[in-house]
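Asker: just the structure for this:
(one chain, ligands or ions: 1)
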Amino acid sequence: MRIIQCKSKSEAIETVASMVVEKIGSHPASVIGLATGRTMEPVYEEIVKQSPSVNFQKCFFFMLDEYVGLPDGHPSSFKHYIRTHVIHPLKLKESQFAFPSSHYEETLKESGGVDLQLLGIGGNGHVGFNEPGSTKNSRTRVVQLTKETIAANKDQFVDQTIPTEALSMGIGTILEAKSLVMLATGKSKADAIKYLLNHHDDPECPATFLKSHPHFTLVLDPEAASKINLNI
Ligand code: GLP
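Answerer: Model prediction:
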């Protein structure tokens, strides 16, 4: 695992955005895995800022997760999120995106696999919606959301109907990506990052499964890194 401790939140965001832009710049037909959530919003803003130098039209994107039961276009769905933050500002086609579904793993295989997978981390160590208890070889499937995750994402909902289930790329599926880039910012992630760095293959913190990946980069801002001591 490579850890990049940044001097500020904006440096962490620019670091991750540049990794995506450079990957697509050098390989225009890249397959990129995208995460949603508050952490990624400024990353997508930065990618849009850097986008004039790169052609995104040949890329293909896999979305990490989606709530179950929300109608297409629901303002709290991840599809709406990605339309707002990525598809519309970059003028991409929706046919360049795959969302978790029953034929998702097949589409993933046909694409040749994800070149670079962006990831956030939940306060309880979840990745995508692989909640504590998920297994290392899990595949894309319907998962039950924990009370903690539902509470953490409550302010993202425009109404009171918060789904209790989601479709998520599995840990085993994520581990097949050629490279993984996880971004954690803010003090609400400091405990999860401390736990991640001190544990291995621990189902209580599914993010720990990613540490066995040969190309896993963890990018931290000072707040997310505030409970670790790497002496670097
Ligand atoms: C959410 C999403 C994840 C995201 C994580 C952190 O529930 N399912 O893909 O990375 O939890 O979210 P946030 O960045 O809003 O803290």
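
Asker: report how many residues lie close to residue 148.
Answerer: Residues lying near residue 148 (other C-beta atoms under 10 Å) number 14. Quick note: C-beta positions are derived from backbone N, CA and C, even for glycine.

Asker: where does it sit: helix, strand or coil?
Answerer: helix (DSSP: H, G, I helix; E, B strand; the rest coil).

Asker: separation between the residue lying closest to it once chain neighbours are set aside and residue 68?
Answerer: Setting aside the residues directly before and after it, residue 148 is nearest to residue 124 in space (C-beta to C-beta, 6 or more residues apart in numbering), at 5.0 Å. According to C-beta to C-beta, to the nearest Å, residue 124 stands 19 Å off from residue 68.

Asker: the more surrounded of these two?
Answerer: residue 124 (19 against 15).

Asker: check contacts around the more buried one.
Answerer: Applying C-beta atoms under 8 Å, 6 or more residues apart in numbering to residue 124 gives the contacts 131, 132, 146, 148, 149, 192, 205.

Asker: contacting residues for the third one?
Answerer: Okay, so that is residue 146. Going by C-beta under 8 Å, 6+ apart, residue 146 touches 124, 126, 131, 132.

Asker: for the longest helix anywhere in the chain, the averaged confidence score.
Answerer: Across the chain, the longest stretch assigned as helix under DSSP state H is helix 9-26. The average pLDDT within helix 9-26 is 98.

Asker: now do stretch 100-118
Answerer: 95.

Asker: in that stretch, what counts as buried?
Answerer: The neighbour-count check on stretch 100-118 (16 or more other C-beta atoms under 10 Å) flags 100, 104, 105, 108, 114, 115, 116, 117, 118 as buried.

Asker: shaky segments in the chain?
Answerer: 160, 231-232 (pLDDT under 70).

Asker: what are the ranges of the strands in it?
Answerer: Counting by DSSP state E, the segments of the chain that form strands are 2-5, 31-34, 60-63, 65-67, 97-98, 116-119, 141-144, 165-168, 179-184, 216-220.

Asker: summarise which helices and strands the second one is packed against.
Answerer: The criterion is 3 or more C-beta pairs under 8 Å, 6 or more residues apart in numbering; DSSP states H and E, and the helices and strands that strand 31-34 contacts are helix 9-26, strand 60-63, strand 116-119.
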